[in-house]
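Trainee: I'll drop the sequence and a predicted model, then ask my questions.
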There are 4 protein chains.
Amino acid sequence: MEKIPVAVLGATGMIGQHFVQILAHHPWFEIAALAASERSAGKPYGEACEWVLSSDMPESVRNIPVQECRPNLPCRLVFSALPASIAGEVEEEFARAGYIVSSNARSHRMEPDVPLLVPEINPDHLDIIPEQQQRRGWKGFIVTNPNCSTAIMTMALKPLMDRFGLQKVMVVTMQALSGAGYRGVPSLRILDNVIPYISGEEEKMESETLKILGRLQRGPDGHRQFVAASLVVSAQCHRVATRDGHLEAISVQLGRKATREEVIGAFREFRGLPQEMGLPSAPVPPLVVRDEVDRPQPLLDRNAGRGMSVVIGRVRECPILDYKFVLLGHNAIRGAAGAAVLNAEMLVARGLIQA
Amino acid sequence: MEKIPVAVLGATGMIGQHFVQILAHHPWFEIAALAASERSAGKPYGEACEWVLSSDMPESVRNIPVQECRPNLPCRLVFSALPASIAGEVEEEFARAGYIVSSNARSHRMEPDVPLLVPEINPDHLDIIPEQQQRRGWKGFIVTNPNCSTAIMTMALKPLMDRFGLQKVMVVTMQALSGAGYRGVPSLRILDNVIPYISGEEEKMESETLKILGRLQRGPDGHRQFVAASLVVSAQCHRVATRDGHLEAISVQLGRKATREEVIGAFREFRGLPQEMGLPSAPVPPLVVRDEVDRPQPLLDRNAGRGMSVVIGRVRECPILDYKFVLLGHNAIRGAAGAAVLNAEMLVARGLIQA
Amino acid sequence: MEKIPVAVLGATGMIGQHFVQILAHHPWFEIAALAASERSAGKPYGEACEWVLSSDMPESVRNIPVQECRPNLPCRLVFSALPASIAGEVEEEFARAGYIVSSNARSHRMEPDVPLLVPEINPDHLDIIPEQQQRRGWKGFIVTNPNCSTAIMTMALKPLMDRFGLQKVMVVTMQALSGAGYRGVPSLRILDNVIPYISGEEEKMESETLKILGRLQRGPDGHRQFVAASLVVSAQCHRVATRDGHLEAISVQLGRKATREEVIGAFREFRGLPQEMGLPSAPVPPLVVRDEVDRPQPLLDRNAGRGMSVVIGRVRECPILDYKFVLLGHNAIRGAAGAAVLNAEMLVARGLIQA
Amino acid sequence: MEKIPVAVLGATGMIGQHFVQILAHHPWFEIAALAASERSAGKPYGEACEWVLSSDMPESVRNIPVQECRPNLPCRLVFSALPASIAGEVEEEFARAGYIVSSNARSHRMEPDVPLLVPEINPDHLDIIPEQQQRRGWKGFIVTNPNCSTAIMTMALKPLMDRFGLQKVMVVTMQALSGAGYRGVPSLRILDNVIPYISGEEEKMESETLKILGRLQRGPDGHRQFVAASLVVSAQCHRVATRDGHLEAISVQLGRKATREEVIGAFREFRGLPQEMGLPSAPVPPLVVRDEVDRPQPLLDRNAGRGMSVVIGRVRECPILDYKFVLLGHNAIRGAAGAAVLNAEMLVARGLIQA
């Protein structure tokens, strides 16, 4: 198969670098262009970019000249790692010009005609795309992935909802530094400390979850629309001194009684369309359940399934809701770059992108 | 006033050192003896003890010869920083011999004739002491303080229970390293990591809380007995890379509706008997409510009220229960040594110890 | 004694906050004005400043309105915590207008008519001031303190030079995060890491040391000039994950043979003019020698002498040069704000500032 | 080629785990037995061992029953990760019984008939083995690798000595936590701290280096003996809060003048016998020279060459000696388990072990 040329918008930032690392060795995609701010434009990527990942920059991208984020890139599919402050406008410009945008930015996530896609959970949400194109008069379109904390949590909620129903979710996060971007958290702010606040994060977890787990259905006017899942989420978000891997202490109230074994079984047996279709980035299994009393841990479990699996542990009864458990996922991979790449793979598999 | 001679059992450990530091400058107490394991006995304290606190060892204790933990110490009041493995037996031996034991160990906390005392909350629980002495045939007695996470949480729950009633408490902790003792957490285990498990901690929070907030009443046989508070606690406990200060994300369901202002007012206006009596270790106010969006933080708030205040922030509505908030307290002071010293001050104030 | 009104330039940054904290309780000085960038000007200090020190902002400064850094402040003495990028020009403007500037910025440190003052070492360097004023036509003047790593190292070198002569100094630093400013080191850059490079630091240590330890003498033309000390310094600088306190592994070649006891004696007996005159910020002793095999440590020793003492340990023979030892000092206090305040105290004591 | 069966002594400790991880996928060796203390004996490895490495335990070893460290293991080659307290005796027992022992313990390193082997540096030191066997009446023999800090430093010193001569080496280390073993450094000791002392480490660096870089020659009595290299080493060792990777700030005095380019060329062109022979664990190149101003860094460079390369940066003139530079190596791989495996590969290549 000929590889599909792709570009990365915001390629010099930390999430942009994760995109580059994943795409440099991707079986379906190949990097045709790297775009960033005006300041970087014109320089070779190896020079424009202060590489911060712990594995070295792939040799193949070092000499690619960085371009500006204008819709004149030699490809049809672009991944957006743009900061929210400019993503809204730039991504629309690309979609209008016919590009397919797989975005990690929050700008369009909650719009009524944009899929907030987790391919294991709601691949049918892609059916909104024709409406998006029609309503906006676009030849291209935008697909988004969730906020990192939400992305990993919903992976665990989906099988619970499907098997037992799901009514309430209390979640307390302990989020890694990389979730704030490379310069996001000064060392003096976090060494020997925990910050009990992340701007906008609790709101995102409480709202995005409902859209992701919701249904896409035809309204009375024949148009498709998202119907939020009927559950309540309460989130409390904290920044802790870990490099990667968001940890979440979760308690859930189910729709019907279930035994601990049934709950664990639901996690273990969960498979989504990406696993069935064998998409390249689809982890098998998507949910890893550990039996040890003190797992998952960010240090030990964040790279499970090459950062695409979500790891669950300590499933036990909750005296207030029904079950509590601990969950971990790699925020920069399953929660960002890897998520957007898996979304694009699903677009290819569904025929929405041609090579 | 002549100072009351006291001894510390387990004086060379980290909590023992906190006792020494507090007592070395205490207005009512003076250190008459320091006791530890056989291995240390006979040596001057300055030699027997690897001092680990960040302020230097008080000069006045350097040359005190360490004694064994036998009930032949020249005082009537002893503070116990013994490890649970031996605290049970040793503390009983002292109480039998006529000593008053203010213990930080968990061994006797849940026994039906031992006060689990937080002086701001349940000073009347001391009324069980005559029954303890009579039943066991002791001339002395044992008073305990709660587990560190429970000690600081109950300080915030008490005014809520009193004003609005309290039905459910969901708590997720992010606990400091010192809670595990000086050698408790290897650096390789926690650097760039979170451990989602602390042995026995969740059980302690779920059970001790009910005793602390419960009532002491006369049973049908005329004997006093503790009646657990009728509320449900669900705890999830984590170890994070902070030196001191346990952070807790809490969500509560109250007995009746209350506004956010009323909840904050309940915290701010809370005073207990120690504040009324002006006990030396009683912080004023006992609960500090911060308005900043990102407080309390372990690094910035753990020393509030010289480590005896509990700091609360981010009071807001919870979509599932009624209110959520973040709480911080110094685990080694308000949650351990400082708590036991305040307990002893209350014993003096109530006339249970004479100088 | 009436207090001398002072101002802080760059009062909202981290070093500015250290100035504020020290001056808020100073026996000789009182804060008459706080100045910062245009952006902060007009706001109350409590609002303009994101306070980052671990003790709370002094109440007394909360409502002081921040002013711009223009020479219209109601005092004669100003402390400069300005960034080097603007310090050069602004400080000159103040000196020209008649202000006495005690600066922590590097801009004027190496100029031939500006004292690079460490009051314990070279108080006579103040004699250059009349030349500075005359040559530049200023009514005020500028006095500077050294770079943080240099400030603490020279304190230990001075008694060695005086007693034994000093020829070579090899120094390897392990510097704290606060040396780079509050936002200077992103957490992802330093967690589980060491950075073996600090821009310009090695050059500063190698050159400033020679001026500080050098002599001020009259040249053939009758003018005073600094003569650099005739020794060689070789520095290698590293950033490590500590909050405060620069650690330095030092090896020295002396001018004559000395025993280990003589070297330790030189450190222990060292006193400077500030100690003799009892200046308020002068630590006694200025050099603390610890006997333990594993001290000094940043965590345990940085606050010695309220951050103004320098702590030395592990004095032992070096197989290549003569002696090696480990040295620690609080970079933000002895190495910055505290140094500038002590400098100002010396100016007062010498009659260069009147109340 | 049939694989050579091997055993690991001390297999459950952290270095033992590194051995297991390396050997589980080794092209020449296969694990025939895992041995540890009595306490572990009899249990499957997966149960006896608290696995602490960040990649999961290899599946293939989970069910291997742990044996005691007695010379009845089904192989001829054993790797020793035993603690020094017992390594001396146990390794001798194995050698006496005919086993070839590749040891990471310090017990026999400095003995006059035991090779202290770094295959890139002194493969000819293996010629002492017949004397070792003869003198001790052993059928087997012992080969050792250096202390971790010394192992990585000598890799850089060798090409300097060969090309320019080498007279003096000043080294200041910043060593990772794993160098002290999994439980070696309590988190409370090192978080926000540096420890300027590691027991015995400076002595090892100062003495082992001379043996490694020395010659093996025939004495007047016809026997071979080690002649120490004629250079002087002065070491200052520190523990810092990094997980893996020892960083060393080094300054050297050469035997003759050399330009910076020549020094860098000596590093870059360095190849040893392992590289020539293509041994499986031999990194190519053995020395990596980075041009960036702020490299090497533990976080980014410790896995260079799968942990077997040594990374050098910041080569520049030293005002006191000739050149200074920064050096990094993976202490647990190049400095321990990987070193012992490379040693064994060299034994195989030299015909000292047969399959």
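Mentor: On my side now, so go ahead. Numbers count the residues shown, from 1 in each chain, chains lettered A, B, ... in the order given.
Trainee: so residue A:39, which of the three states?
Mentor: Judged by DSSP: H, G, I helix; E, B strand; the rest coil, the three-state class of residue A:39 is coil.
Trainee: for it, phi and psi?
Mentor: phi -60, psi -40 (degrees, to the nearest 10).
Trainee: neighbours of it, just the number please.
Mentor: By other CB atoms under 10 Å in any protein chain shown, 11 other residues sit near residue A:39. In this view, the C-beta of every residue, glycine as well, is placed from N, C-alpha and C.
Trainee: Also residue A:338?
Mentor: The number of residues packed near residue A:338 is 25, by other CB under 10 Å.
Trainee: So which bits of the helix or strand harbouring it are buried?
Mentor: For residue A:338, the host element (DSSP states H and E) is helix A:338-349. Neighbour-count burial for helix A:338-349, with 16 or more other CB atoms under 10 Å in any protein chain shown as criterion, is recorded at A:338-349.
Trainee: Please name the residues that touch the residue in the stretch 1-150 of chain A that chain C sits nearest to.
Mentor: Nearest residue of the stretch 1-150 of chain A to chain C, counting by CB to the nearest CB: residue A:52, 6.7 Å away. The contact partners of residue A:52, by CB atoms under 8 Å, 6 or more residues apart in numbering or on different chains, come to A:14, A:17, A:182, C:188-189.
Trainee: Point out the residues in chain A that sit beside chain C.
Mentor: Residues of chain A lying near chain C by CB under 8 Å from any CB of the partner chain: A:14, A:52, A:177-178, A:182-192, A:241, A:243.
Trainee: how about 6 Å then?
Mentor: A:177, A:182-183, A:185-188, A:190-191, A:243 (CB under 6 Å from any CB of the partner chain).
Trainee: Tell me the one of the residues you listed nearest residue D:226?
Mentor: Using CB to CB, residue A:243 comes nearest to residue D:226 of the residues of chain A next to chain C, at 44.3 Å.
Trainee: follow-up on the earlier one: list only buried entries from the contacts of residue A:52.
Mentor: When these are checked for burial by 16+ other CB under 10 Å, the buried set is A:14, A:17, A:182, C:188-189.
Trainee: picking up where we left off before, can you tell me which of the contacts of residue A:52 is closest to residue C:80?
Mentor: residue C:189 (28.1 Å).
Trainee: can you tell if the strand or helix carrying residue A:167 touches chain B?
Mentor: Applying DSSP H and E as the criterion places residue A:167 in strand A:166-175. Yes. Strand A:166-175 lies within reach of chain B by CB under 6 Å from any CB, at A:168, A:170, A:172, A:174.
Trainee: Which parts of the stretch 51-200 of chain A are strands?
Mentor: For the stretch 51-200 of chain A, applying DSSP state E, counting those that start in this stretch gives strands covering A:66-68, A:77-80, A:100-103, A:141-144, A:166-175.
Trainee: among these, which is nearest residue C:24?
Mentor: strand A:166-175 (35.8 Å).
Trainee: That closest one - which strands sit beside it in the sheet, and in what orientation?
Mentor: Counting by DSSP bridges, the strands paired with strand A:166-175 are strand A:232-239 (parallel), strand A:246-254 (antiparallel).
Trainee: average model confidence for the shortest one?
Mentor: For strand A:232-239, the mean per-residue pLDDT is 98.
Trainee: Now the residue of the stretch 1-150 of chain A closest to chain C: phi and psi?
Mentor: Note on residue A:52: its backbone torsions stand at phi -120, psi 0 [degrees, to the nearest 10].
Trainee: cool, residue A:117 as well?
Mentor: When read as degrees, to the nearest 10, the backbone of residue A:117 gives phi -100, psi 130.
Trainee: Just give the closest residue to it, not the sequence neighbours.
Mentor: residue A:343 (4.9 Å; CB to CB, 6 or more residues apart in numbering or on different chains).
Trainee: surely the one you found meets residue A:102?
Mentor: Yes. With contact defined as CB atoms under 6 Å, residue A:343 and residue A:102 form a contacting pair (5.0 Å).
Trainee: Look up the residues that both of these two are in contact with.
Mentor: Common contacts of residue A:343 and residue A:102 (CB atoms under 6 Å, 6 or more residues apart in numbering or on different chains): residue A:143.
Trainee: Would you quantify the distance from residue A:158 to residue A:127?
Mentor: Relative to residue A:127, residue A:158 is positioned 18 Å away (CB to CB, to the nearest Å).
Trainee: between those two, who's got more neighbours?
Mentor: In this view residue A:158 and residue A:127 are compared by other CB under 10 Å, and residue A:158 has more residues nearby, 22 against 14.
Trainee: give the contact list for that one.
Mentor: Residue A:158 touches residue A:121, counting by CB under 6 Å, 6+ apart.
Trainee: Kindly give the local confidence score, pLDDT, for it.
Mentor: On the pLDDT scale, residue A:158 gets 98.
Trainee: Residue A:322 too?
Mentor: Reported pLDDT for residue A:322: 98.
Trainee: how about it, what does it touch?
Mentor: Contacts of residue A:322 by CB under 6 Å, 6+ apart are A:253-254.
Trainee: could you measure residue A:235 against residue B:55, distance?
Mentor: Applying CB to CB, the value for residue A:235 to residue B:55 is 39 Å.
Trainee: Those two: which is more packed in?
Mentor: Neighbours around residue A:235 and residue B:55, counted as other CB under 10 Å, are more numerous at residue A:235. The numbers are 27 against 9.
Trainee: Look up how far residue A:155 lies from that one.
Mentor: Separation of residue A:235 from residue A:155 (CB to CB) stands at 16 Å.
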